[in-house]
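> Task: produce atomic coordinates for the following.
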Amino acid sequence: MKKIHIVLLLLVIGGIVGMSFFIKDLTTQETFSTASQKKDFVVVKVQLDKNTPIEYDGLKNPNLTVFYATDQQGKRSKVVYKNAKPTDIEKSDGIDLNGYMRDGYFECTKLQMKCPSKYKDDMKVAQKSLPTSDSASTNKY
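Presented below is the predicted three-dimensional model:
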């Protein structure tokens, strides 16, 4: 074999080994129903159920947060997050839960909150920021 063939073969093997480290991160979006059928690590896109209070007691157990969430199909499930309560979780537009479905609840190992948009269409605010025709004609440079 030529040296170039050996180098290319080693690069291909290195690429395959390198990609195998990241295969766990290549998950698909699931729902609570499909996650309960799988034993693997999954990502579930949910909305926080704001009708049920978040259970967190920083004095008793600062590494336990329990809340309820609703997935994209409308199924509600208990979520157990073994970490401190995230700041402003109540204000989030959506949450991506990473973890495993257990017996009747979702065990979350990592979560990512989606921030509410500060660019929502608010006509009153938009009209206040626009110059009126009167003020545009009086402002001469």
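> Buried ones in stretch 44-61, by neighbour count?
By neighbour count with 16 or more other CB atoms under 10 Å, stretch 44-61 contains the buried residues 44-49, 54, 56. Heads up, the C-betas are built off the backbone N, CA and C, glycines and all.
> whoops, I mixed them up, stretch 61-75
64-71.
> which residues in the chain form strands?
Under the criterion DSSP state E, the chain contains strands at 29-30, 42-48, 55-57, 61-71, 76-81, 94-101, 105-114.
> Please determine how far Val80 is located from Gln73.
Separation of Val80 from Gln73 (CB to CB, to the nearest Å): 21 Å.
> again, but for Leu59
Taken as CB to CB, the span from Leu59 to Gln73 is 37 Å.
> again, but for Ile54
Ile54 is 22 Å from Gln73, by CB to CB.
> what do you get for Ile13?
Taken as CB to CB, the span from Ile13 to Gln73 is 42 Å.
> Find the nearest non-adjacent residue to Asp33, please.
Let me fix one detail, which is that residue 33 is Ser and not Asp. In space, and not counting its chain neighbours, Ser33 is closest to Lys75: 6.0 Å by CB to CB, 6 or more residues apart in numbering.
> what does Lys114 give?
Using CB to CB, 6+ apart, the closest residue to Lys114 is Gly94 (4.1 Å).
> and the one you found, what does it touch?
By CB atoms under 8 Å, 6 or more residues apart in numbering, the contact set of Gly94 is 45-47, 113-114.
> Can you name the residues bridging to the spatially most central residue of the chain?
Per CA atoms, centre = their mean, the C-alpha nearest to the average position across the chain is that of Asp96, at 2.6 Å. In this structure, Asp96 bridges to Lys45, Gln112 when assessed by DSSP bridges.
> Please name the residues that touch Gly14.
So Gly14 contacts nothing (CB under 8 Å, 6+ apart).
> So it versus Cys108, what's the distance?
Gly14 is 34 Å from Cys108, by CB to CB.
> Over to Ser77?
From Ser77 to Cys108 the distance is 11 Å (CB to CB).
> where's the dip in pLDDT among the contacts of Gly94?
Note: of the contacts of Gly94, the lowest pLDDT belongs to Lys114, at 85.
> so it makes contact with Ile89?
No: with contacts counted by CB atoms under 8 Å, Lys114 stays clear of Ile89, the gap being 11.0 Å.
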